[in-house]
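1. pasted the sequence and its predicted model underneath.
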Amino acid sequence: MLDIQNTLVSLDFAERFFCCDLDKCLGECCIDGDAGAPITEEEDRIIKEILPEIWDDLLPAAQREIEENGTSYVDEEGDLVTQIVEGKNCVFTTYDRNGMCLCAIEKAYREGRVNFYKPISCHLYPARVKEYDGFTAVNYHRWKICRCAEILGRAKGVRVYEFLKGPLTRRFGEEWYEELALTCQEYLKSQEQAK
């Protein structure tokens, strides 16, 4: 683990390669799973505020789910998560004409209709953040649907920490990210010298 300002970061962030390959996976991480995306209470409040702006982008089944059950729920682990459709799809999933999954919230943000990018847990993926007493753990989540992202990351030479620069900076701040990047670089250099 890498100790960055009271945060323990998995060595996977330095050692593994990752770069989303949406042409291959088509955004499967938004439509495959047993629970919605983890969100904070503040994010839930914002999502409810911007819902009218994204409503027409949502699929009819998602609109029905939100009308009947709201935008979020508490899952089996006690986490607040986005509502899901038919037991798996996030209600904010939409598709482009090529069948690629898009986040309706991110789409609206990119079009300038809202000023909220998307939940931080989605932006951070494949990183998973867990708060503990006295520290925060940041781990790399391996999932078979992201195998193509690992292959593309290796081909491009992009490490997990590099791919996640934007979301990690959004979550932890620029100074924290700069320390992580330097620590990862020093770790990789030491591993290379040890060979």
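-> Nice, thanks for sending it over.

2. where along the protein do the helices fall?
-> 12-15, 22-25, 41-54, 60-69, 104-110, 120-124, 147-156, 160-163, 165-172, 174-194 (DSSP state H).

3. can those helices go into TSV with extra columns for mean pLDDT, mean neighbour count and distance to residue 141?
-> (Each C-beta comes from the backbone N, C-alpha and C, glycine too.) Output for these, formatted as TSV (pLDDT from 0 to 100; neighbours: other Cβ atoms under 10 Å; distance: least, Cβ to Cβ, whole Å):
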stretch	mean pLDDT	mean neighbour count	distance to residue 141
helix 12-15	95	21	9
helix 22-25	73	14	14
helix 41-54	96	15	19
helix 60-69	95	14	24
helix 104-110	94	20	19
helix 120-124	91	20	10
helix 147-156	92	17	11
helix 160-163	96	22	10
helix 165-172	96	18	13
helix 174-194	93	14	17
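
4. need the contact list for residue 4.
-> 172, 176, 179, 180, 183 (Cβ atoms under 8 Å, 6 or more residues apart in numbering).

5. list the residues that contact the third one.
-> Think residue 179. Here residue 179 is in contact with 4, 5 (Cβ under 8 Å, 6+ apart).

6. equivalent analysis for the first one, please.
-> With contact set as Cβ under 8 Å, 6+ apart, residue 172 has these partners: 4, 5, 7, 180.

7. pretty sure the last one is touching residue 10, no?
-> Just to be clear, that refers to residue 180. No. Counting by Cβ atoms under 8 Å, no contact exists between residue 180 and residue 10, whose distance comes to 11.2 Å.

8. what's the overlap in contacts for these two?
-> With Cβ under 8 Å, 6+ apart, residue 180 and residue 10 have common neighbours residue 2.

9. excluding sequence neighbours, find me the nearest residue to residue 51.
-> Excluding the flanking residues, the one nearest residue 51 by Cβ to Cβ, 6 or more residues apart in numbering is residue 71, at 6.7 Å.

10. and the one you found, how many neighbours?
-> 19 (other Cβ atoms under 10 Å).

11. isn't it up against residue 91?
-> Yes. Residue 71 lies in contact with residue 91 (Cβ under 8 Å); the separation is 6.9 Å.

12. quick one: common contacting residues for these two?
-> With Cβ under 8 Å, 6+ apart, residue 71 and residue 91 have common neighbours 82, 83.

13. distance of residue 65 relative to residue 23?
-> 29 Å (Cβ to Cβ, to the nearest Å).

14. no, scratch that, I was asking about residue 88
-> 22 Å.
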